[in-house]
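[1] Okay, predicted coordinates and the sequence, questions at the end:
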Amino acid sequence: MKVAVIGSGFTGLAAAYELTRAGHHVTVFERDSDLGGLAAGFHAGGQKLEKFYHHWLGTDDTIFDFIREIGCGNKLVFKQSRVGIYYANRIFRFSSPLDLLKFTPMPLSARLRFGVSVLYSWLLKDTRPLEDISAEDWLRKVAGPAAYEAVWKPLLVGKFGEEYCREVAAIWIWNKLVQRGRSRDKAAKEQLGYYEGGFSQFIDDLCAIIARQGGRIVRNTEIVGIAPDGRTVTLRLKRDTSDNGPAEEVFDRVIYTGHTPEFARLAEDAGYGDYAAELRRIKYLANVCLVLTSRKSLSDTYWLNVNDPGFPFVGIIEHTNFETSDHYQGNHQIYLSKYLPTSSRLYGMSADEMFAFAVPHLRRMFPRFDPSDVVAHHLWRAEYAQPVITKRYRDILPDYQTALPHVHLCTMSQVYPHDRGTNYAVEHGRRLARRIADGQRAQ
């Protein structure tokens with residue numbers, strides 16, 4: 001069987017691996033020059049660095065098993081993380097139960113209730129009711145109003161903005177709590193996973209295996225049209241290189257692993273307007289990541305949640321407090337992350353504009369920060385970074401099988417009730433590929 005996989009993120013590559021291993025002829029199409037989707041890397045001095053911060057939680061067993069299966073288990077590394085919260089002009093460590101007790105902006109009774117609410121969420125068995133209520137309502141109820149105002153509300157607003165923060169379902173935040181909780185060792189320290197050489201190295205290793213199994217990976221090629229005829233599917237291609245390859249290719253099956261709104265456009269152009277309208281019910285937020293390469297560190301915290309509405313970024317992730325700076329020629333790599341609509345002024349800024357915009361905010365948070373220590377800065381944008389998991393999201397959850405014959409959809413919008421991430425990308429990509437290889441209906 002001849003199969004096209006559109007998109008070279010972890011979903012697409014996992015599907016390509018599974019199908020080539022089963023003996024099918026697979027072509028992976030990637031419109032960019034870099035492979036890996038949101039996990040793609042760039043040269044930041046030393047080993048490649050992810051454009052958007054990445055790590056694996058201790059609960060990400062699917063991808064850990066997959067890495068071992070392909071013979072790369074020796075490249076898995078696990079490290080302890082340090083988490084903090086910036087609140088009331090101060091950084092608080094937030095990595096352990098003892099840190100919670102020291103979070104003095106909340107009264108002791110609220111801190112104790114917060115801790116009990118986390119334990120309660122870990123032990124909760126029947127989570128179906130959480131699909132029908134908002135995260136705000138649930139958190140106010142179980143954690144209390146003080147914890148909601150100090151901790152949860154700033155994070156929800158920072159992640160989803162005022163437009164969507166009250167629409168997010170409780171099941172989304174519950175999954176976050178459980179994943180982070182189960183990533184802790186017996187000493188209650190969070191252990192996170194990474195790949196030796198970075199995620200780009202994993203992508204290179206996996207692509208080499210796909211190629212050995214007979215797969216073909218085509219870069220700089222955008223799919224601009226999908227035309228099923230009932231038996232096969234014709235893809236119209238737009239190439240960004242001097243490659244004189246065909247403008248169309250015909251396949252027996254197509255797996256689309258890009259972004260649901262972009263697939264909706266292709267479906268509408270193919271004459272499936274009603275189906276496209278259903279897909280558009282899923283809302284997305286964009287993300288911008290300003291990455292600073294600095295001679296000096298900002299702090300000793302890896303993941304700093306910013307619970308200050310006056311600071312424009314929701315998180316400061318100092319990657320080199322996780323993967324050490326000696327991998328990057330002694331420099332420190334720091335992400336400033338912001339989720340936002342594409343209509344936002346920040347989304348349209350250049351890298352230089354974003355850096356100039358960020359400097360006074362960083363100086364306020366870190367008085368010793370000197371912009372002259374920043375030897376390089378990079379800005380990365382993702383138009384579709386986060387699907388908004390609203391109440392009763394199951395009602396709009398797309399099937400793998402689309403309305404287009406022999407065309408399948410496998411994207412981050414379908415990993416519900418979990419949040420998007422490379423672990424679930426691999427799980428769903430392999431699951432769909434196995435069903436196609438076995439001739440099952442891909443629901």
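    Structure's in. What do you need?

[2] any idea what Leu285 is structurally, helix, strand or coil?
    Secondary structure, DSSP: H, G, I helix; E, B strand; the rest coil: Leu285 is strand.

[3] got the contact list for it?
    Phe160, Gly161, Tyr164, Tyr339, Leu340, Pro341, Ala385, Gln386, Val388 (CB atoms under 8 Å, 6 or more residues apart in numbering). To be clear about C-beta, it is placed using only N, CA and C from the backbone, and glycine gets the same treatment.

[4] State the distance from Arg166 to Phe160.
    Distance of Arg166 to Phe160, given as CB to CB, to the nearest Å: 9 Å.

[5] Sort out which of the contacts of Leu285 are in strands and list them.
    When those are checked against strands (DSSP state E), the matches are Tyr339, Leu340, Ala385, Gln386.

[6] pretty sure the first one is touching Ala385, no?
    Read that as Tyr339. Yes. Taking contacts as CB atoms under 8 Å, Tyr339 lies within contact range of Ala385: 6.7 Å.

[7] returning to what we had before: between Arg166 and Phe160, which has more neighbouring residues?
    Set Arg166 next to Phe160 and count neighbours by other CB atoms under 10 Å: Phe160 wins out with 24 against 16.

[8] can you pull the contacts of that one?
    By CB under 8 Å, 6+ apart, the residues touching Phe160 are Glu167, Val168, Leu285, Tyr339, Gln386, Val388.

[9] In terms of pLDDT, where does Asp240 sit?
    Listed pLDDT for Asp240 reads 79.

[10] what residues are up against it?
    Residues near Asp240 by CB under 8 Å, 6+ apart: Arg31, Asn220, Thr221, Glu222.

[11] Find the residues that touch each one of Tyr339 and Ala385.
    Listed as contacting both Tyr339 and Ala385 by CB under 8 Å, 6+ apart are Leu285, Ala286, Asn287.

[12] The last one and Met365: what is the separation?
    Look at Asn287 and Met365: by CB to CB, they are 20 Å apart.

[13] got it, and the second one?
    Using CB to CB, one gets 24 Å for the distance from Ala286 to Met365.

[14] same check, this time on Trp174
    Distance of Trp174 to Met365, given as CB to CB: 30 Å.

[15] now do Glu318
    From Glu318 across to Met365, the span is 12 Å (CB to CB).

[16] Looking at these two, which one has more neighbours?
    Glu318 (23 against 20).

[17] Confirm for me that the more buried one is in contact with Thr301.
    Yes. The criterion here is CB under 8 Å, and Glu318 meets it with Thr301 at 6.5 Å.

[18] anything in contact with each of these two?
    By CB under 8 Å, 6+ apart, no residue touches both Glu318 and Thr301.

[19] can you list the domains in the protein?
    2-48+197-282+391-437, 96-183, 284-387 (automatic domain parsing).

[20] and the last one, average pLDDT?
    Summarised as a single mean, pLDDT over domain 284-387 is 96.

[21] ok, so what distance separates the closest residue to Gly144 other than its chain neighbours from Ala146?
    Once flanking residues are discounted, Gly144 sits nearest to Arg113: 4.7 Å by CB to CB, 6 or more residues apart in numbering. Distance of Arg113 to Ala146, computed by CB to CB: 8 Å.

[22] How about Ser299?
    Counting by CB to CB, the separation of Ser299 from Ala146 is 26 Å.

[23] Likewise for Val178?
    Val178 sits 23 Å away from Ala146, going by CB to CB.

[24] buried sites along the helix or strand bottoming out on mean pLDDT in the chain?
    Between all helices and strands in the chain, the lowest mean by mean pLDDT, DSSP states H and E belongs to helix 170-182, at a mean of 85. Across helix 170-182, burial judged by 16 or more other CB atoms under 10 Å covers Ala170, Ile171, Trp172, Ile173, Trp174, Asn175, Lys176, Leu177, Val178, Gln179, Arg180, Gly181.

[25] mind checking the backbone torsions on the residue nearest the centre of the chain?
    When CA atoms, centre = their mean is applied to the chain, the residue found nearest the centroid is Gly421 (4.5 Å). Dihedral pair for Gly421: phi 170, psi 160, per degrees, to the nearest 10.
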